[in-house]
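K.L.:
I would like the atomic coordinates for the input below:
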Amino acid sequence: QVQLVDSGGGLVQPGASLRLSCAVSGFSLAYQPIGWFRQAPGKEREGVSCITGSDDGTYYADSVKGRFTISRDRAKSTVYLEMNNLKPEDTAVYYCAKDCSSKSGYWGQGTQVTVSS
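P.N.:
Numbering: from 1, shown residues only. Below is the predicted model of the structure:
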């Protein structure tokens, strides 16, 4: 059974950092592209970052480039999203997905990130 469990969100002040985790089971993470998406209130879900297959290539949305880092720990079957210098506009529910497409059929349950002073 394919499962993705995302965690690590919270309420932080602007400029703070958080690390989100996406623990997967039911499939091999070894060469599987994994994406992080987010959805803010009243907005459509948008792609934030992606880590590709065997070469661990990475992609970042322009809005987070230089502040967010995606990585993969194959031994722990977990993908991380390190988020630094958080801004209020980063406030959203963050989801990981099995694949880098918004059309993925497998999603985590979401973790809330709120950036506010």
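K.L.:
which residues of this structure fall in helices?
P.N.:
Assigned by DSSP state H, the chain shows no helices.
K.L.:
Give me the most central residue, it.
P.N.:
Centre of the chain computed as the mean C-alpha position; nearest residue by CA atoms, centre = their mean is W36, 3.1 Å away.
K.L.:
S117 versus that residue, what's the distance?
P.N.:
Plainly put, W36 is 24 Å away from S117 if you go by CB to CB, to the nearest Å. Glycine gets a C-beta too; all of them are placed from N, C-alpha and C.
K.L.:
Surely the residue nearest to the centre of the chain and E82 touch.
P.N.:
No: using CB atoms under 8 Å, W36 makes no contact with E82, being 10.8 Å away.
K.L.:
Now do the shared contacts for these two.
P.N.:
The contact sets of W36 and E82 overlap at I70 (CB atoms under 8 Å, 6 or more residues apart in numbering).
K.L.:
Now do the end-to-end distance for stretch 92-110.
P.N.:
Terminal residues of stretch 92-110 lie 10 Å apart, using CA to CA, to the nearest Å.
K.L.:
Ok, stretch 84-99 next?
P.N.:
Start-to-end, stretch 84-99 (CA to CA) is 24 Å.
K.L.:
just use 249 as the starting number from now, easier for me
P.N.:
Right, with 249 as the first residue, what we last looked at is stretch 332-347.
K.L.:
can you tell me the average pLDDT over it?
P.N.:
Across stretch 332-347, pLDDT averages out at 97.
K.L.:
same deal with stretch 267-286?
P.N.:
Mean predicted lDDT for stretch 267-286 stands at 94.
K.L.:
Buried residues in it, which are they?
P.N.:
268-272, 277, 280-286 (16 or more other CB atoms under 10 Å).
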